[in-house]
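Visitor: return atomic coordinates for the entry below.
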Amino acid sequence: MKTIIRSIDRVITAEEIIPLLNKYGMLSRLAYEDIIDRAISQIECTPQEIAIASGLWQHQQNKSKTSSVNKEEFLASAIRNFKIEKFKQQNFSDQIPAYFARQKKQLDQVVYSIVKTKTKEIAREMHFRLIEAEQTFTELAQECRENPQIKASEAIGWVELGTLSPLIAQQLSTLPANSISSPILIGEWYVILRLDKYVSAQCDRAVQKRLRDELFNQWMQQQLMKQKYHLENTTCAARCSKE
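Guide: Numbers count the residues shown, from 1 in each chain. As a prediction, this is how the structure comes out:
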């Protein structure tokens, strides 16, 4: 029996490795990395990229004199990351314009103010005071410290619309700047919103990288489902194949 891993008081054999990977939820990660290795197997790095990887290694050594990272392992990991980025660029860059068009509304950013209460009558009263300029969101935010029936916050953001609840995002995407919404019921709360600022998302380099990563992750999930990695009892499989 061949020993694979040994510690002071534990020996993990070859026969135990796969069941342990499955037990601790690591088999899916193994499948993930295997799919990547096959996908990038034909991608080559340029001498410049290899030089960059060597530079990263040297930079790490200068930062941490006690680093125990093996140079060959570090370079292999860095070069592998370069290949993964190349794979993403080669396979998903052309999809970014259409994907951005579909996702743009979710990427738009806002600054907004909010006040909410569980009582419809209080919501109507606060809305009236706000639109008549009898009270401000700042004052309501201060008031809510003493009044447990309301919750208020001013100038929240910048936040992406896609991170907000759908009803709040929809309201903010249609409100004119600095205007106040009528009370809307969201769950058990009556909510009043003011749109303070709105910035339309741009497909710059940072957004392109983010969308490319999202497209890659979607592709990866499709591959995991398609490949159907699973544990198989090899003893049973060998016996069954002879029958």
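Visitor: and the chain, what are its domains?
Guide: 19-105+206-243, 109-199 (automatic domain parsing).
Visitor: the shortest one - what's its average pLDDT?
Guide: Across domain 109-199, the average pLDDT comes to 94.
Visitor: buried residues in stretch 109-126?
Guide: Of the residues in stretch 109-126, those buried by neighbour count under the rule 16 or more other C-beta atoms under 10 Å are 109, 110, 111, 112, 113, 114, 115, 116, 117, 122, 123, 126. All C-beta spots, glycine's among them, are computed from the backbone N, C-alpha and C.
Visitor: which one of the residues you listed is nearest residue 151?
Guide: Closest approach to residue 151 among the buried residues of stretch 109-126 (C-beta to C-beta): residue 116, at 5.3 Å.
Visitor: thinking again about what came up before, return the most buried member of the domains of the chain.
Guide: Ranked by mean neighbour count, those are led by domain 109-199 with a mean of 16 (mean count of other C-beta atoms under 10 Å).
Visitor: any idea how far apart the tips of that domain sit?
Guide: 5 Å (C-alpha to C-alpha, to the nearest Å).
Visitor: can you give me how far stretch 22-35 is from the chain middle?
Guide: Its chain's C-alpha centre and that of stretch 22-35 lie 20 Å apart, by C-alpha atoms, centre = their mean, to the nearest Å.
Visitor: need the contact partners of it.
Guide: 18, 20, 21, 220, 223, 224, 227, 229, 231 (C-beta atoms under 8 Å, 6 or more residues apart in numbering).
Visitor: residue 196 reaches residue 158, doesn't it?
Guide: No - contact criterion C-beta atoms under 8 Å: residue 196 and residue 158 do not qualify, at 10.1 Å.
Visitor: shared neighbours, these two?
Guide: Joint contacts of residue 196 and residue 158 (C-beta under 8 Å, 6+ apart) are 110, 111.
Visitor: show the end-to-end separation of stretch 55-73, please.
Guide: End-to-end distance (C-alpha to C-alpha), stretch 55-73: 14 Å.
Visitor: make 846 the first number, not 1, from now on.
Guide: OK, 846 is where the count begins now, so the last one is stretch 900-918.
Visitor: what does that stretch contact?
Guide: Defining contact as C-beta under 8 Å, 6+ apart, one finds that stretch 900-918 is touched by 919, 920, 923.
Visitor: quickly find the element holding the first one.
Guide: Using DSSP states H and E, the secondary-structure element containing residue 919 is helix 916-937.
Visitor: what is the mean pLDDT for that helix?
Guide: On average, helix 916-937 scores 94.
Visitor: picking that back up, now the contacts of stretch 867-880 as JSON lines including pLDDT and distance to residue 1030?
Guide: Shown next, in JSON lines, are the contacts of stretch 867-880 (pLDDT from 0 to 100; distance: C-beta to C-beta, whole Å):
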{"residue": "863", "pLDDT": "81", "distance to residue 1030": "52"}
{"residue": "865", "pLDDT": "86", "distance to residue 1030": "51"}
{"residue": "866", "pLDDT": "84", "distance to residue 1030": "48"}
{"residue": "1065", "pLDDT": "95", "distance to residue 1030": "39"}
{"residue": "1068", "pLDDT": "94", "distance to residue 1030": "42"}
{"residue": "1069", "pLDDT": "90", "distance to residue 1030": "40"}
{"residue": "1072", "pLDDT": "83", "distance to residue 1030": "46"}
{"residue": "1074", "pLDDT": "74", "distance to residue 1030": "46"}
{"residue": "1076", "pLDDT": "69", "distance to residue 1030": "49"}
